[in-house]
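Participant: all I have is the shape, not the residue letters:
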């Protein structure tokens with residue numbers, strides 16, 4: 001919502017005895033279950049995950065505020081909220097290394113990605129190396145491979161190659177595990193993939209670390225009023 005919408009939402013919630021707190025550092029923390037209701041400021045997209053969330057500034061959501069709640073909200077002006085629920089979804093297959101490269105080469109991805117996305121700070125590489133070691137993944141560390149998958153994952157929500165058909169609708173999904181996806185808040189919050197009424201999203205490391213979401217677990221992200229899978233589809 002815009003600034004006026006946020007102001008009206010605050011007043012509406014105050015009338016109901018509810019306090020709307022802000023998140024101005026890490027967007028995915030809005031998904032933390034202990035946060036009853038929170039709004040994400042512009043600054044949050046330019047802070048801890050600045051490079052990774054730079055897609056926000058290239059999107060139609062630029063300048064908008066996000067409200068996240070762990071219960072349903074009845075606020076004026078909100079017609080199609082996004083519902084995030086746990087799912088038992090599992091894809092029938094994930095892309096090969098060649099297919100990952102093809103995803104990154106997609107025209108829509110190349111035209112959509114912000115310049116900041118490719119400007120990786122060496123500190124990030126150290127973070128991922130420590131995270132891999134912490135979780136006992138002992139294969140040789142190759143950040144370039146990890147980053148390629150991060151990029152391919154976003155590409156698949158822009159122009160899906162990997163998807164299922166649910167009630168005759170295309171439903172894209174994350175193409176890797178938690179280690180190999182990045183800035184999942186972009187898909188959770190419809191910065192990327194808004195054109196798909198339903199999608200299945202795996203939380204990134206940040207969403208696991210800062211929001212407490214389970215690793216390698218698919219969540220259904222559904223626009224209210226879209227095709228109803230009830231949060232679950234048969235696992236492949």
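Facilitator: Received the coordinates, thanks. No experiment lies behind these values; they were computed from the predicted model shown.

Participant: any low-confidence regions in this structure?
Facilitator: 136-138, 226-236 (pLDDT under 70).

Participant: okay, now the domains of it?
Facilitator: Per the record, the chain has its domains at 3-83, 86-223, by automatic domain parsing.

Participant: pick the most deeply packed of the ones you listed.
Facilitator: The highest average neighbour count among these, using mean count of other CB atoms under 10 Å, belongs to domain 86-223 at a mean of 18. Backbone N, C-alpha and C define where each C-beta goes, glycine included.

Participant: which residues of this structure fall in helices?
Facilitator: Taking DSSP state H as the test, the helices found in the chain are 3-15, 97-104, 107-112, 122-134, 143-158, 185-188, 205-211.

Participant: quick one: closest of the ones you listed to residue 222.
Facilitator: Closest approach to residue 222 among the helices of the chain is made by helix 185-188 (11.3 Å; CB to CB).

Participant: mind listing the strands for this protein?
Facilitator: 21-23, 37-40, 66-69, 82-86, 163-166, 169-172, 198-201, 219-223 (DSSP state E).

Participant: direction included, what does the shortest one pair up with?
Facilitator: Based on DSSP bridges, the pairing partners of strand 21-23 within the sheet are strand 37-40 (parallel).

Participant: need the contact list for the residue lying closest to residue 25 once chain neighbours are set aside.
Facilitator: Spatial nearest neighbour of residue 25, chain neighbours left out: residue 47 (4.8 Å); criterion: CB to CB, 6 or more residues apart in numbering. If you count contacts by CB atoms under 8 Å, 6 or more residues apart in numbering, residue 47 has them with 24-26.

Participant: ok, the residue nearest to residue 186 when sequence neighbours are not counted to residue 158 distance?
Facilitator: Computed as CB to CB, 6+ apart, the closest residue to residue 186 that is not its neighbour in sequence is residue 192, at 4.4 Å. Using CB to CB, to the nearest Å, residue 192 is found at 6 Å from residue 158.

Participant: for residue 173, find the nearest of the helices of the chain.
Facilitator: helix 143-158 (7.7 Å).

Participant: helices or strands up against the closest one?
Facilitator: The contact analysis (3 or more CB pairs under 8 Å, 6 or more residues apart in numbering; DSSP states H and E) places helix 143-158 against helix 97-104, helix 107-112, helix 122-134, helix 185-188.

Participant: residue 58: which of these is closest?
Facilitator: Comparing those by CB to CB, helix 107-112 comes nearest, at 6.8 Å.

Participant: for the closest one, the distance to its chain's centre please.
Facilitator: Centroid separation for helix 107-112 versus its chain: 18 Å, with CA atoms, centre = their mean, to the nearest Å.

Participant: packing partners of it?
Facilitator: Helix 107-112 packs on helix 143-158, going by 3+ CB pairs under 8 Å, 6+ apart.

Participant: what angle do the helix it packs on and strand 219-223 make?
Facilitator: Put simply, helix 143-158 runs at 30 degrees to strand 219-223, going by axes from the mean of the first three to the mean of the last three CA atoms, to 10 degrees.

Participant: hmm, who's touching helix 143-158?
Facilitator: Against helix 143-158 from outside (CB under 8 Å, 6+ apart): 55, 95, 100-101, 103-104, 106, 108-109, 112-113, 117, 120, 124-125, 128-129, 162-163, 172-176, 179-183, 186-187, 192-193, 196, 199.
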